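Asker: Using only what follows, build the 3D model:
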Amino acid sequence: MARAPLAALNALLNRTSNRTQSPRGRHPLPRLELTARPRPWLRGLGLAAVVLVGAWLGLLVVGDVRAPVGPMDTTMALRPSVSGGTKINVSPLGALSLDSHVAPVRLDVNVDQLDPERSQALVDHPERLSGLQDEVARDVEHGTLDLAVRSCVAVVAGATALGLAVYRRPRRALAAGGLALALLAASGASAYATWNPKSVLEPRFSGLLSSAPSVVGNARSIVTEFDVYQKELARLVTNVTKLYDVTSTLPAYRPDPSTIRVLHVSDIHLNPASWKIIGSLVKQYQVNVIVDSGDTMDHGTAAENGFLDPVRDLGVPYVWVRGNHDSRATQHYLERMKNVHVLDDGRARTVAGLRFAGTGDPQFTPDRSTVPGSEASEELAGARLASALRDQRAAGTPVDVAIAHEPSAARETDGEVPLVLCGHLHHEGTETLPYGTRLRMEGSTGGSGLRAVEHKYPAPIEASILYFDRDSRRLQAWDAIKLGGLGLTTAEVSRHLADENRPGATGATRSPSPSPAGPSSGAATTSP
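Answerer: Down below sits the predicted model:
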């Protein structure tokens, strides 16, 4: 009796086993897999991310091409972009943007510098100027071809390297490199198909250029009258290289090691190009101290204060007085900088071996308005400065250089100090006042800033290098430097001797002759 249920159970197990076999009874049917596989679209998205990031890194690291274009050194590069186009950076004036093409890459062209040797070759061989346009065209073509080849290598290498690091499979890495090359080729085809040569007719200006499109020139006339602009380019190259040539052949003077060199600047009026010019003069002339006679700003607002930050990096002390466009907020911002010495109310400071005293402008008129009684207030400020100078002399600590913003205030110091510096009128000049004080007025080192485009001709950029004997602390000579304003191509350097140092002057003493550390300038004026 017990065997019957046991036999029934064995029969049931046999039937179940037979159902799980194949019809031929040889192999069991496959079991269901419960493990989920990655979705194909996620794998594709990951590969696309590797391709894009790798291509971008490749362009960033090795995608730049340095190409000479005529006498200029330029850097060309392709950069990822949503809208494409071309951007031409002309430091420090700003940039021009052109809607030249529609593609996921943008062409960046940086104009780095003018090469003196290639420019000098044009001066030595003027016949080459006639072929300058063709030379520039060939240089641009060669640079573009080099950029295309380098960009292909950069995107393939970048995507392949990143693919190998992520997937650790050579086949996947090569697939990433191939997709990157295909992407670059598609971008090139898109740029070629959408190329717009008329984009030069409607450039977008940024930086300082955005305030002066009329001075830069009408873009349409640049296209329709290109021959004229070709000649102007050749003239610019000729003028600059002649300046190098002339200054290098003028008589060279060896300055006495004790000479104190002061760079006098004024009326920068928020022109960012001024800092680059000032930095160059500091280095070339081995300047010991900079004197700024005011109107560094334009409206004196707190939003403008960041414009002053490059003062920290000039490498020399910076002596400053407030102008009528500089607010008290501007003054407080500068007072917090370690290398800045703000002078106000006749206070005296000894900087770089010279004793300076100055007063800030009593007016704050950023809108250029005329305040009733303004002349009287300037004279009163100058009188207070003169009184402070007398007190310093009586105390046995006479001041060597006085500083005021307006000439009317500076004239009140006559007889109390050997030299007084000022600005305000945007043109340079020197005069000896009735009681023997020399007044030196500086022009606008900012070329009147954004006001450069208000008149028919832009204001020049002016600065001076003043040379003092360290023992007597008296002015020996000065170099007046004048650069053509925005859109102009002139440069002028003239040397002036103090009256007592002129040849044949009674009691003249042999003074340290000033000269820049680089190419020397001479007594004559050079105007290429």
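Asker: how close does His142 get to Val102?
Answerer: With distances taken as C-beta to C-beta, to the nearest Å, His142 is found 25 Å from Val102. In this view, the C-beta of every residue, glycine as well, is placed from N, C-alpha and C.
Asker: oh sorry, the question was meant for Leu179
Answerer: According to C-beta to C-beta, Leu179 and Val102 sit 21 Å apart.
Asker: Can you work out which other helices and strands pack against the top helix by length along the chain?
Answerer: Of all the segments of type helix in the chain, defined by DSSP state H, the longest one is helix 132-167. For helix 132-167, the elements it packs on are helix 40-62, strand 65-69, strand 72-80, helix 170-193, helix 226-249, judged by 3 or more C-beta pairs under 8 Å, 6 or more residues apart in numbering; DSSP states H and E.
Asker: tell me the angle of it relative to helix 40-62?
Answerer: 130 degrees (axes from the mean of the first three to the mean of the last three C-alpha atoms, to 10 degrees).
Asker: Over to Glu416: give its phi and psi.
Answerer: For Glu416, the backbone dihedrals (degrees, to the nearest 10) come out as phi -100, psi -10.
Asker: Looking at Leu179 and Val102, which is more packed in?
Answerer: Counted by other C-beta atoms under 10 Å, Leu179 and Val102 do not tie: Leu179 has more neighbours, with 21 against 16.
Asker: quick one, what contacts the more buried one?
Answerer: Contact analysis of Leu179 by C-beta atoms under 8 Å, 6 or more residues apart in numbering lists Leu47, Ala48, Val51, Ala159.
Asker: next one: Asp292
Answerer: Val265, Ser266, Ile268, Tyr318, Val319, Trp320, Val321.
Asker: again, but for Val262
Answerer: By C-beta under 8 Å, 6+ apart, the residues touching Val262 are Val287, Asn288, Val289, Ile290, Val291, Ala352, Leu354, Val401, Ile465, Leu466, Tyr467, Phe468.
Asker: neighbour-wise, which of the residues you listed leads?
Answerer: Ranked by neighbours (other C-beta under 10 Å), these are led by Phe468, which has 29 neighbours.
Asker: and the nearest residue to Ser83 once chain neighbours are set aside, helix, strand or coil?
Answerer: Leaving aside its sequence neighbours, Ser83 sits nearest to Val102 (C-beta to C-beta, 6 or more residues apart in numbering; 6.8 Å). On the three-state scheme (DSSP: H, G, I helix; E, B strand; the rest coil), Val102 is labelled coil.
Asker: List the residues that contact Val102.
Answerer: Contacts of Val102 by C-beta under 8 Å, 6+ apart are Ser83, Gly84, Ser190, Ala191, Thr194.
Asker: ok, of those residues, which come out buried?
Answerer: Gly84, Ser190, Ala191 (16 or more other C-beta atoms under 10 Å).
Asker: And the first one, its phi and psi?
Answerer: So the one you mean is Gly84. When quoted as degrees, to the nearest 10, the phi and psi of Gly84 stand at phi 80, psi -150.
Asker: Wait, it touches Tyr192, no?
Answerer: No - the criterion here is C-beta atoms under 8 Å, and Gly84 misses it with Tyr192 at 11.6 Å.
Asker: what touches both of the two?
Answerer: In contact with both Gly84 and Tyr192: His101, using C-beta under 8 Å, 6+ apart.
Asker: hang on, the earlier thing: any chance of the contacts of Val102 in TSV, plus pLDDT and distance to Arg473?
Answerer: Shown next, in TSV, are these (pLDDT from 0 to 100; distance: C-beta to C-beta, whole Å):
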residue	pLDDT	distance to Arg473
Ser83	81	60
Gly84	85	61
Ser190	86	68
Ala191	81	64
Thr194	87	67
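Asker: I'd like these laid out as JSON lines, including distance to Arg172.
Answerer: Below are the contacts of Val102 laid out as JSON lines (distance: C-beta to C-beta, whole Å):
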{"residue": "Ser83", "distance to Arg172": "32"}
{"residue": "Gly84", "distance to Arg172": "30"}
{"residue": "Ser190", "distance to Arg172": "27"}
{"residue": "Ala191", "distance to Arg172": "29"}
{"residue": "Thr194", "distance to Arg172": "33"}
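Asker: Looking at the residues you listed, which is nearest Leu183?
Answerer: For those, the minimum distance to Leu183 (C-beta to C-beta) is 10.5 Å, reached by Ser190.
Asker: Next, work out how far apart the closest one and Val102 are.
Answerer: 7 Å.
Asker: With Val50 instead?
Answerer: Distance of Val50 to Val102, given as C-beta to C-beta: 25 Å.
Asker: Same question for Glu431.
Answerer: Counting by C-beta to C-beta, the gap from Glu431 to Val102 is 61 Å.
Asker: Regarding the closest residue to Thr365 other than its chain neighbours, what is its secondary structure?
Answerer: Nearest residue to Thr365, sequence neighbours excluded (C-beta to C-beta, 6+ apart): Asn324, at 4.9 Å. The three-state label given to Asn324 by three-state DSSP is coil.
Asker: the helices in the stretch 301-450 of the chain, which residues?
Answerer: 328-335, 374-394, 407-410 (DSSP state H, counting those that start in this stretch).
Asker: Return the most buried member of those.
Answerer: Across the helices of the stretch 301-450 of the chain, the average number of neighbours (mean count of other C-beta atoms under 10 Å) peaks for helix 407-410, which reaches a mean of 24.
Asker: so for that helix, what's the average pLDDT?
Answerer: Averaging pLDDT along helix 407-410 yields 95.
Asker: contacts for that helix?
Answerer: The contact list for helix 407-410, computed with C-beta under 8 Å, 6+ apart, reads 359, 361, 375, 378-379, 381-382, 385, 402, 404, 420-422, 424-425, 439, 441.
Asker: what's the closest residue to His427 other than its chain neighbours sitting at in phi/psi?
Answerer: Nearest residue to His427, sequence neighbours excluded (C-beta to C-beta, 6+ apart): Gly443, at 5.0 Å. The phi/psi pair for Gly443 (degrees, to the nearest 10) reads phi -80, psi -160.
Asker: what about Gly443, neighbour count?
Answerer: 25.
Asker: Next one, pLDDT for it please.
Answerer: 92.
Asker: and it, what is it in contact with?
Answerer: Taking C-beta under 8 Å, 6+ apart as the contact definition, Gly443 lies against Ser266, Asp267, Gly423, His426, His427, Glu428, Ala459, Pro460, Ile461, Glu462, Ala463, Lys482.
Asker: do you know which of the helices and strands packed on helix 132-167 lies nearest Ala121?
Answerer: Nearest to Ala121 among those is helix 226-249 (8.5 Å), distances taken as C-beta to C-beta.
Asker: Was I right to think Asp112 contacts Val69?
Answerer: No - counting by C-beta under 8 Å, Asp112 does not reach Val69; the two are 10.2 Å apart.
Asker: the more surrounded of those two?
Answerer: Between Asp112 and Val69, counted using other C-beta under 10 Å, the more crowded position is Val69 (18 against 12).
Asker: Find the nearest non-adjacent residue to that one, please.
Answerer: Per C-beta to C-beta, 6+ apart, closest to Val69 is Asp139, 4.5 Å.
Asker: Hmm, the one you found is touching Ala67, no?
Answerer: Yes - the pair Asp139 and Ala67 passes the contact test of C-beta under 8 Å, sitting 6.5 Å apart.
Asker: In terms of neighbours, single out the busier of these two.
Answerer: Using other C-beta under 10 Å as the criterion, Asp139 and Ala67 rank with Ala67 on top: 19 against 16.
Asker: Any idea what that one is bridged to?
Answerer: Beta-bridge pairing of Ala67 under DSSP bridges involves Thr74.
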